[in-house]
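Colleague: coordinates for the following, if possible.
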Amino acid sequence: MKKVSSSTVARLSLYLRVLEDAATDDVRTLSSGELAKGCATTAAQVRKDLSVFGTFGKRGTGYPVPELVAQLRAILGLERTWRVALVGAGRIGAALLGYADFRRQGFLIDAVFDADDAKVGRTFQGHRVRTDRELEAAVAAGEIDIAIVAVPAEAAQDVVDRVVAAGVRAVLNFAPVKLRVPAGVALKNVNMAAEMEGLSFALANQERPARRRAAC
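Modeller: Reported below is the predicted structural model:
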C-alpha cells in the first residue's frame, strides 16, 4: 500500500464517526455525497480517500454502512484493544481519564503515572496513580502499547525518551513542546494553545462587513 497522508487518516476517522452514527439510526447505505456532507468535504475526496485501501460499495447504490464501518475499523487498527498509559495526572490528564470515547474505540487507559509524590496513590476516575519510576517496568511487563504524555514542557522529552527506550512505539503528546523521537515511533502532538491561536488568527483576519453610514 502506498504511503497514506495524515490528512487522509484524519478524514477516515471522520467517515467512521458518520457511518457509526448512521448505523445507530439503522441507515443501511450512504452515498459518497451523503458521507461527504457529514464530514465537510467533497464526494470526490471521499472516493479518492477510500480508493487508497480498495474498492468499496457499488456505483449507484452507495456504500453499505455496516460493512464499511467494519472495514474502516480494521484499516484504523480498531479491531483490538490498545493498552494506554497516561503519564501526568494533572488537569489535562484528569480530563483525559474521563473521556468516554477512548474506551468506546478500544483505547484502554489502565496505567496512570506521575512524578509528584503528592499524587501517587490517589485515585482519579477509578485509576490509582503510580509513581513514574515504574514506567519502564510497566512497559517491560507488556502493559503499554501507547503512551499519553501530559506533563510540563520541561519534563516531556525525558518522559518520551524513557518510554521509547523501554519499547513504546506510539506517543500522544499534550505538552506544548516539540519532541524528538527515533524512526519507527509514531508521534502525535496536541497543542491546544496553538489551535486557539489558529482560531484567533482566523477571527482577526476575517473580512468584517462594512459599517453602514449613519443617515444624514
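Colleague: can you give me the helices in the protein?
Modeller: Ranges of helices in the chain, per DSSP state H, are 6-24, 32-38, 43-51, 65-75, 91-97, 100-104, 135-140, 153-166, 192-204.
Colleague: out of those, nearest to residue 174?
Modeller: helix 91-97 (5.3 Å; C-beta to C-beta). C-betas here are computed from N, CA, C, even on glycine.
Colleague: quick one, longest strand in this protein?
Modeller: Counting by DSSP state E, the longest strand found in the chain is strand 107-114.
Colleague: and that strand, what's buried?
Modeller: With burial defined by 16 or more other C-beta atoms under 10 Å, the residues of strand 107-114 counted as buried are 107, 109, 111-114.
Colleague: okay, now the unreliable bits of this structure?
Modeller: Within the chain, the set of residues satisfying pLDDT under 70 comprises 1-2, 207-216.
Colleague: tell me which of the helices of the chain lies nearest to residue 125.
Modeller: helix 91-97 (3.9 Å).
Colleague: what comes into contact with that closest one?
Modeller: 86-87, 102, 109, 112, 114, 124-125, 127, 148, 150, 174 (C-beta atoms under 8 Å, 6 or more residues apart in numbering).
Colleague: ok, so of the residues you listed, who is nearest residue 44?
Modeller: residue 102 (32.5 Å).
Colleague: and that closest one, what is it in contact with?
Modeller: Shown in contact with residue 102 (C-beta under 8 Å, 6+ apart): 84, 96, 108-109.
Colleague: correct me, but residue 49 touches residue 8?
Modeller: Yes - counting by C-beta atoms under 8 Å, residue 8 is a contact partner of residue 49 at 5.2 Å.
Colleague: compare those two (neighbour count), which wins?
Modeller: residue 49 (23 against 15; other C-beta atoms under 10 Å).
Colleague: farthest-apart pair in the contacts of helix 91-97, please.
Modeller: Distances among the contacts of helix 91-97 were taken as C-beta to C-beta; the most separated pair is 102 and 114, at 18.5 Å.
Colleague: residue ranges of each domain in this structure, please.
Modeller: 6-75, 82-197 (automatic domain parsing).
Colleague: for the ones you listed, give me CSV that also has distance to residue 206.
Modeller: Shown next, in CSV, are the domains of the chain (distance: least, C-beta to C-beta, whole Å):
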stretch, distance to residue 206
domain 6-75, 18
domain 82-197, 15
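Colleague: please identify which of those domains is closest to residue 203.
Modeller: domain 82-197 (10.5 Å).
Colleague: picking that back up, same list (the buried residues of strand 107-114) but as CSV, adding distance to residue 144.
Modeller: Listed next are those as CSV, based on distance: C-beta to C-beta, whole Å:
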residue, distance to residue 144
107, 12
109, 10
111, 6
112, 11
113, 10
114, 15
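Colleague: show me which of those is closest to residue 184.
Modeller: residue 107 (20.7 Å).
Colleague: what bridges to that closest one?
Modeller: residue 82 (DSSP bridges).
Colleague: what sits against it?
Modeller: Residue 107 makes contacts with 81-82, 84, 146, as judged by C-beta under 8 Å, 6+ apart.
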